[in-house]
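Asker: A structural model of the following input is requested.
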Amino acid sequence: MKKRFLRLTILGLGMTALLTGCSLKGGSASNLDLGMDAIEAQEYGEAITCLNRALAEGESERLVYRGLGIAHMGLSEYDEAVDDFMKSLNGSNGLVDRMDYDINYYMAMAQYKSGDLDAALDTYDAILGLDDGQAEAHFLRGRIELLKNDKDAALADFDRAVELKPSDYDLYINIYEALDEAGDKQDGENYINMALEKNGKMTDYQSGLFSYYLGKYEEARQSLEAARKGEDDNDRLILYLGRSYEALGDMNYAATLYREYLEKDPDCASIYNEEGLMYLKQEEYMKALTAFENGKALNDPSYNQSLMFNEAVTYEYLLDFKKAAVLMKEYLEKYPDDEEAQREYIFLSTR
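Answerer: Okay, the predicted model is just below:
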């Protein structure tokens, strides 16, 4: 039986924001606006319908093809997405602007997702050829270089990224996670230590977060508790404080933290997800299922994928293979590029 669950981190380098608020016609929402709203709601098929209508009615091709590319990415149709982004880039007036960088970032991600690492690398090369000061591009290119087993190049890009943004704490953690996933936790920890050395004026929260990633859970607990006393609780703080208590073996207090926070903010999908994962560790599967279902009901785009997958696998733990298979099929209809979920569905279908 599979034992994997999706635990989405709330940290990370964000891709540039979707341009959902730029109506082209004034008054009522344009087809482009409607399409981008549908993308934000993860209704990608509806988005494509709206955006094709926008094309037919003569709305901005540059913005519409960008939107189509994002929608096709949402459907895991990466080759179509790359074609859309190329058409959007072809609509440029020849002067490189922020939109060109934005589209290239999206295109590189689509190329990466399609498995065309060389093309993605070329796109990041092009971005950095125009502006070597793009820290995000250095990080993302480094991640591709790791996948191509070019560790020296990856470390050079990571070093350049932190040189450009020495106080971007999320960047150090993203680098740590990329190296850890590549089987190089030691170099990942070096970046966490680098962050600690370079940034002496960290808040208690920031110090606690880095201690957590270094596996210093008691130090993390102390710093995060201090942060909790010094500022209002937020879901990020509670999430990592709870994880620290879990790592120290105090599941009861972690459960209390999650429950108290959800009483204050019942619309927090990240904490429902974390609560469910904690109950799974305790083999309290019905409590875990309730947490995942409550989180999924919020329809938070940032956590929908994690909660859907975790709900399906929880039914597997409950030995309800039929229900688990139905839910895994629904998950794959929305996230068809998850290879592990594909294998999971094959297993469940044979039970």
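Asker: Give me the buried positions along whatever helix or strand Ala126 lives in.
Answerer: Applying DSSP states H and E as the criterion places Ala126 in helix 117-130. For helix 117-130, burial by neighbour count (16 or more other Cβ atoms under 10 Å) applies to Ala119, Ala120, Leu121, Thr123, Tyr124, Ile127, Leu128. Every C-beta, even on glycine, is put in place using the N, C-alpha and C of the backbone.
Asker: Next: stretch 321-328.
Answerer: Result for stretch 321-328 [16+ other Cβ under 10 Å]: buried residues Phe321, Lys323, Ala324, Ala325, Leu327, Met328.
Asker: How about the first one: what's its closest non-neighbour residue?
Answerer: What it means is Phe321. Spatial nearest neighbour of Phe321, excluding adjacent residues (Cβ to Cβ, 6 or more residues apart in numbering): Arg351 at 3.7 Å.
Asker: before we move on, what about Gly230?
Answerer: Gly230 sits nearest to Asp204 (Cβ to Cβ, 6+ apart), 6.3 Å away.
Asker: what do you get for Leu55?
Answerer: Nearest non-adjacent residue to Leu55, counting by Cβ to Cβ, 6+ apart: Val64, 5.4 Å away.
Asker: next structured bit after the host helix or strand of that neighbour?
Answerer: Here Val64 sits within helix 61-74, counting by DSSP H and E. Next along the chain after helix 61-74, taking DSSP H and E as the criterion, comes helix 78-90.
Asker: Contacts for that next one, please.
Answerer: Helix 78-90 has contacts (Cβ atoms under 8 Å, 6 or more residues apart in numbering) with 61-63, 65-66, 68-70, 72-73, 100, 103-104, 106-107, 110-111, 113-114, 119.
Asker: Could you rerun that using 6 Å?
Answerer: 62, 65-66, 68-69, 72-73, 103, 106-107, 110, 113-114 (Cβ atoms under 6 Å, 6 or more residues apart in numbering).
Asker: Mark which of the residues you listed are buried, thanks.
Answerer: 62, 65-66, 68-69, 72-73, 103, 106-107, 110, 113-114.
Asker: quick check, nearest of those residues to Glu181?
Answerer: Lys113 (15.8 Å; Cβ to Cβ).
Asker: so what's that closest one up against?
Answerer: By Cβ under 6 Å, 6+ apart, Lys113 lies in contact with Tyr78.
Asker: how close does it get to Ala137?
Answerer: Distance, Lys113 to Ala137, by Cβ to Cβ, to the nearest Å: 17 Å.
Asker: follow-up on the earlier one: take the buried residues of helix 117-130 and lay them out in TSV including distance to Thr256 and pLDDT.
Answerer: Listed next are these as TSV, based on distance: Cβ to Cβ, whole Å; pLDDT from 0 to 100:
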residue	distance to Thr256	pLDDT
Ala119	49	97
Ala120	44	97
Leu121	47	97
Thr123	47	97
Tyr124	45	97
Ile127	46	95
Leu128	48	96
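Asker: what's the burial count for the residue nearest to Phe321?
Answerer: Here the number of neighbours of Arg351 (other Cβ atoms under 10 Å) works out to 12.
Asker: before we move on, what about Gly58?
Answerer: Neighbourhood size, Gly58 [other Cβ under 10 Å]: 9.
Asker: ok, back up a step: which of the contacts of helix 78-90 lies closest to Asp157?
Answerer: Met107 (18.6 Å).
Asker: which SSE is the closest one in?
Answerer: Per DSSP H and E: helix 98-113 holds Met107.
Asker: chain center to that helix: distance?
Answerer: 16 Å (Cα atoms, centre = their mean, to the nearest Å).
Asker: Let me know the average pLDDT across that helix.
Answerer: Averaging pLDDT along helix 98-113 yields 94.
Asker: Alpha carbons only: can I get it in CSV?
Answerer: Below are the C-alpha coordinates for helix 98-113, written out as CSV (Å, rounded to 0.1, in the frame of the first residue of the first chain):
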residue,chain,number,x,y,z
ARG,A,98,8.0,43.0,-18.4
MET,A,99,5.4,41.0,-20.3
ASP,A,100,8.1,39.4,-22.4
TYR,A,101,9.9,38.2,-19.3
ASP,A,102,6.6,37.0,-17.8
ILE,A,103,5.8,34.9,-20.9
ASN,A,104,9.3,33.5,-21.1
TYR,A,105,9.0,32.3,-17.5
TYR,A,106,5.8,30.6,-18.3
MET,A,107,7.2,29.1,-21.5
ALA,A,108,10.2,27.7,-19.7
MET,A,109,8.0,26.1,-17.1
ALA,A,110,5.9,24.5,-19.8
GLN,A,111,9.0,23.2,-21.5
TYR,A,112,10.3,21.8,-18.2
LYS,A,113,6.9,20.1,-17.5
